[in-house]
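Trainee: With the sequence up front, the predicted model follows.
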Amino acid sequence: MNAPQIEAIRPEHIKDVLQLIKELAVYEREPDAVVIDEQLLQDVLFNQKLAYGWVAEEKGEVIGLAICYIRFSTWKGPCGYLEDLIVQEVHRGKGIGKRLLDQVVHHAKEQGWPSVQWQVLDWNQPAIDFYERYGASVEKSWWDVKLPLK
């Protein structure tokens, strides 16, 4: 069996990328939280270039996704920020998430960034375990702050 290909997100992946984002929202117990559409996602990724990422593709089907953007730290300078890492449930446990995270780390190293950061929900123990096995530290001393602008 051939391993899924990891490749940069292309415009023809947008529909599948959005579907995976929606699947992640359902998994994270926020099924109605996704308001982005294909057009805005395409604009952000390819016109504005505010975000970038990779997909895992198997037999023409997108089965995994990593989307990132540049975060700026006044202490460290530019860093990578992993916004979403998701692998379809039926494909989990096959090393696809690790390969996607490897790609994120590789890109960050190529850029000369000192770190990649992301968030994980406190109840998502499988993800926490995965990240810790990978070598990431999960900090519990910082709280998220969000100011809705509506």
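Mentor: Looks like it arrived, so ask away. Numbers count the residues shown, from 1 in each chain.
Trainee: rest of the way, CA atoms for contacts and neighbours
Mentor: Fine.
Trainee: S141: neighbouring residues, count only.
Mentor: 5 (other Cα atoms under 10 Å).
Trainee: Am I right that it is in a helix?
Mentor: No - under DSSP: H, G, I helix; E, B strand; the rest coil, S141 falls outside any helix and is assigned coil.
Trainee: State the distance from it to F130.
Mentor: To F130, S141 is 20 Å away according to Cα to Cα, to the nearest Å.
Trainee: Then L40?
Mentor: Going from L40 to F130 by Cα to Cα gives 31 Å.
Trainee: What strand or helix carries S137?
Mentor: Assessed by DSSP states H and E, S137 sits outside every helix and strand.
Trainee: Look at the closest residue to it other than its chain neighbours and report its pLDDT.
Mentor: What sits nearest to S137 in space, not counting adjacent residues and going by Cα to Cα, 6 or more residues apart in numbering, is Y131, at 7.6 Å. Y131 is assigned a predicted lDDT (pLDDT) of 96.
Trainee: Okay, and Y131 sits in which element?
Mentor: helix 125-134.
Trainee: same thing with W54?
Mentor: According to DSSP H and E, W54 maps onto strand 52-58.
Trainee: who touches A33 in this structure?
Mentor: Residues in contact with A33, defined by Cα atoms under 8 Å, 6 or more residues apart in numbering, are A25.
Trainee: Over to E38?
Mentor: E38 is in contact with 14-15, 18, counting by Cα under 8 Å, 6+ apart.
Trainee: Just want the phi and psi numbers for it.
Mentor: Note on E38: backbone dihedrals following degrees, to the nearest 10 are phi -60, psi -40.
Trainee: Quick one: neighbours of the residue nearest to W54 when sequence neighbours are not counted, just the number.
Mentor: In this structure, W54 finds its nearest non-sequential neighbour in A8, 4.2 Å apart by Cα to Cα, 6+ apart. Applying other Cα under 10 Å, we find 16 residues neighbouring A8.
Trainee: circling back to that earlier point, list the buried residues in the strand holding W54.
Mentor: Neighbour-count burial for strand 52-58, counted by 16 or more other Cα atoms under 10 Å, picks out 52-57.
Trainee: Let me know the closest of the residues you listed to G95.
Mentor: Here the nearest of the buried residues of strand 52-58 to G95, counting by Cα to Cα, is A56; it sits at 10.8 Å.
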